[in-house]
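Colleague: Here's a sequence, model it:
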Amino acid sequence: MIIDNLDQVANQIENERGIKKEFLYEALEQALASACRKHIGDGSQLECTLNPSAGTMQFFRVKEVVEELQAKATEAREIQEKTQKDGPTMSDEEKQDAAQKFQSLQQDINFLREKTNQFRNQTPKQTTNENNEEMVNSLDDFLEDDELK
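Modeller: Got it, this is the predicted structure:
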């Protein structure tokens, strides 16, 4: 169906209507992500990535876990660097506080890494016209839209 020859259709639209195919792909990705968000209906932030030459789509559920993971890793690294640099002049209490904070951050980092890996394993789903007729119909509707004529 259309997903099978998306690159060919995009080239035709680019040649006939002057719409860059990269712009078309971005618009399609946004439209498909929007349709998927409405279909799922749980308020998730979703992104779609098209691979026109392969005729596939991937949908990703965006999570903010990575930002928190990076912040905690930076804080742990700063504590470690400070302890190495100032260790000889730190009191035993300061060393113990730094060690406890570092250990707590390491536990948080491990937990967030585990969650990040779970999301990576759960969310990417390749979708083709064979197993997701609704998405292909959405793509058909989008390509038949009057704005493209």
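Colleague: Is I19 in a helix, a strand, or coil?
Modeller: coil (DSSP: H, G, I helix; E, B strand; the rest coil).
Colleague: Next: the one 5 residues further on.
Modeller: Three-state call for L24 (three-state DSSP): helix.
Colleague: The one 5 residues further on too?
Modeller: State at E29, reduced to three classes by three-state DSSP: helix.
Colleague: how close does it sit to A35?
Modeller: Distance check for E29 against A35: by CB to CB, to the nearest Å, it reads 11 Å. The C-beta positions use only the backbone N, C-alpha and C, and glycine is treated the same way.
Colleague: C48 too?
Modeller: Distance, C48 to A35, using CB to CB: 9 Å.
Colleague: Kindly report the same for Q96.
Modeller: Taking CB to CB, one finds Q96 at 55 Å from A35.
Colleague: Touching, T83 and M90? I think so.
Modeller: Yes. Counting by CB atoms under 8 Å, M90 is a contact partner of T83 at 7.2 Å.
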